[in-house]
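Colleague: please find the sequence and the predicted model below.
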Amino acid sequence: MKGKVTKARWLLLPAAAALAVAMVGCGSSKPSTSTSSAGHQLKVALITPSATNDLAFSQAMYSAVETVKAKYNLQVSVQDNMYVVADAANAMQQYAAEGYNLIIANGSQYGSTVQQLAPKYPKVSFAWGTAGSTFNMPNVYAYQAAANEGGYVQGYMAALMSKSKVIGVIGPIDVGDAQLYTDGFKAGVMAADKSATVHLSFTGSFSDVSLMASAAHSYVSEGADVLTGSSQSVVGAIGVAKSSNVAWFGTQWDQSSLAPSDVVSSQVYNWVPVLDQIITGLKAGKLGGATYIIDLGNGGEKIVFNASYPLPASVKAAGLSVLSKIESGALTPPQ
């Protein structure tokens with residue numbers, strides 16, 4: 001999917017195949033406006049499938065948008081909890097009709113909507129992820145997270161710390177960064193201990209907390225003493241980890257606040273440099289046609305350790321050694 005990027009550089013990729021899946025739910029609106037009045041004000045809309053404080057996928061992008069808002073004098077409007085794709089599509093079309101400069105469709109399930117709307121609004125820029133495809137359209141940006149990298153590091157540590165040698169990995173839908181993270185985590189476990197057993201499954205939903213909890217219960221009953229998972233629905237699985245005194249590895253955002261005694265570490269996304277490049281491009285008249293990837297090497301992803309978790313020093317040192325090899329390009333986790 002990508003070549004290795006040295007630290008402080010960002011990888012630009014050509015268009016690839018589209019990703020689109022459907023989910024069920026409803027949405028809410030959170031408009032906000034920058035207080036800065038200097039210069040032309042770009043209008044940016046963020047559409048995201050879950051709450052902006054989900055401690056996962058949506059919060060990572062929302063935090064980045066909030067970070068760059070004042071820097072670029074942006075007028076920002078947010079529609080969160082848009083897990084019904086039809087509702088998200090209606091919101092995107094309304095923003096496009098109102099002349100917003102940039103619409104960020106933060107979810108792989110929104111790909112088909114972006115593909116349909118972009119040709120109808122050629123002066124509006126669309127950005128969507130996590131995916132690698134701009135659909136060969138000049139007004140579409142795409143962004144992706146090399147989640148397999150942090151997944152590999154955390155999987156490696158999971159294998160070293162597990163006493164039962166049984167580990168549960170729960171994904172939402174097998175696409176985008178969710179697929180990369182689960183594959184990377186499993187590969188990391190196997191690299192550290194080929195005798196370990198990894199239970200891997202996908203619930204079929206990004207938002208169903210009960211399905212995540214059910215899968216976690218199933219794995220704990222089978223002897224798993226380490227769990228991990230991806231998407232906003234992981235709160236269900238983390239709850240099971242907490243009640244069962246089972247270790248948890250997070251991704252997309254720092255999840256230690258949900259279970260301070262059980263979360264070992266989290267792979268945290270930083271989309272700010274990607275937004276910097278997209279907004280700089282917009283100001284220069286470039287509406288799209290580029291794909292950006294965050295990874296451990298360019299600093300768009302980082303492993304945040306939970307200081308409250310008693311992680312053995314030898315396990316942490318081994319994880320940091322693997323992380324260093326990935327950052328340098330000496331090790332490339334499978335994708």
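Modeller: Cool, the structure landed. Numbering: from 1, shown residues only.
Colleague: where does Pro310 land in three-state SS?
Modeller: Recorded secondary structure, Pro310: coil (DSSP: H, G, I helix; E, B strand; the rest coil).
Colleague: okay, it and Pro49: tell me how far apart.
Modeller: 35 Å (Cβ to Cβ, to the nearest Å). For glycine as for every other residue, the C-beta is placed from the backbone atoms N, C-alpha and C.
Colleague: more neighbours, these two?
Modeller: Between Pro310 and Pro49, counting by other Cβ atoms under 10 Å, Pro49 is the more crowded of the two (28 against 7).
Colleague: so the more buried one sits in a helix?
Modeller: No. Per three-state DSSP, Pro49 lies outside any helix segment and is coil.
Colleague: my guess is it meets Ser233, correct?
Modeller: No. The criterion here is Cβ atoms under 8 Å, and Pro49 misses it with Ser233 at 10.5 Å.
Colleague: what sits in contact with each of those two?
Modeller: 206-207 (Cβ atoms under 8 Å, 6 or more residues apart in numbering).
Colleague: what residues does Glu98 make contact with?
Modeller: Lys43.
Colleague: for Val220, see how far away it is.
Modeller: Counting by Cβ to Cβ, the gap from Glu98 to Val220 is 49 Å.
Colleague: from the contact counts, what lies against whichever strand or helix holds Val322?
Modeller: Counting by DSSP states H and E, the element that carries Val322 is helix 313-328. Helices and strands touching helix 313-328, by 3 or more Cβ pairs under 8 Å, 6 or more residues apart in numbering; DSSP states H and E, are helix 147-161, strand 301-305.
Colleague: which residues touch the residue nearest to Ile294 when sequence neighbours are not counted?
Modeller: Nearest non-adjacent residue to Ile294, counting by Cβ to Cβ, 6 or more residues apart in numbering: Gly300, 2.4 Å away. When the contact criterion is Cβ under 8 Å, 6+ apart, the partners of Gly300 are 10, 145, 269-271, 273-274, 293-294.
Colleague: do Thr48 as well
Modeller: Taking Cβ under 8 Å, 6+ apart as the test, what Thr48 contacts is 57-58, 61-62, 78-82, 106-107.
Colleague: let's see 6 Å
Modeller: 58, 80, 106 (Cβ atoms under 6 Å, 6 or more residues apart in numbering).
Colleague: helix, strand or coil for the residue nearest to Asp225 when sequence neighbours are not counted?
Modeller: Distance criterion Cβ to Cβ, 6+ apart; nearest residue to Asp225, sequence neighbours excluded, is Ser164 at 4.6 Å. Using three-state DSSP, the structure places Ser164 in coil.
Colleague: now do Ser164 against Tyr156, distance only.
Modeller: When Ser164 is compared with Tyr156 (using Cβ to Cβ), they lie 17 Å apart.
Colleague: of the two, which one has the most company?
Modeller: Tyr156 (25 against 13).
Colleague: in this structure the more buried one contacts Asp193, no?
Modeller: No. Judged on Cβ atoms under 6 Å, Tyr156 makes no contact with Asp193 at a distance of 9.0 Å.
Colleague: quick one: the helix holding Val322 to chain centroid distance?
Modeller: On the basis of Cα atoms, centre = their mean, to the nearest Å, helix 313-328 sits 22 Å off its chain's mean C-alpha point.
Colleague: mind listing what's buried in it?
Modeller: Buried positions in helix 313-328, judged by neighbour count with 16 or more other Cβ atoms under 10 Å: 315-316, 318-319, 322-323, 326-327.
Colleague: same question, stretch 135-147
Modeller: For stretch 135-147, by 16+ other Cβ under 10 Å, it's 135, 137, 139-147.
Colleague: do stretch 281-294 as well
Modeller: Judged by neighbour count using 16+ other Cβ under 10 Å, the buried positions of stretch 281-294 are 281-282, 286-294.
Colleague: hmm, which two among the residues you listed are most spread apart?
Modeller: Across the buried residues of stretch 281-294, the longest distance by Cβ to Cβ is 21.4 Å; it joins Leu287 and Ile294.
Colleague: I am finished for the moment; much appreciated.
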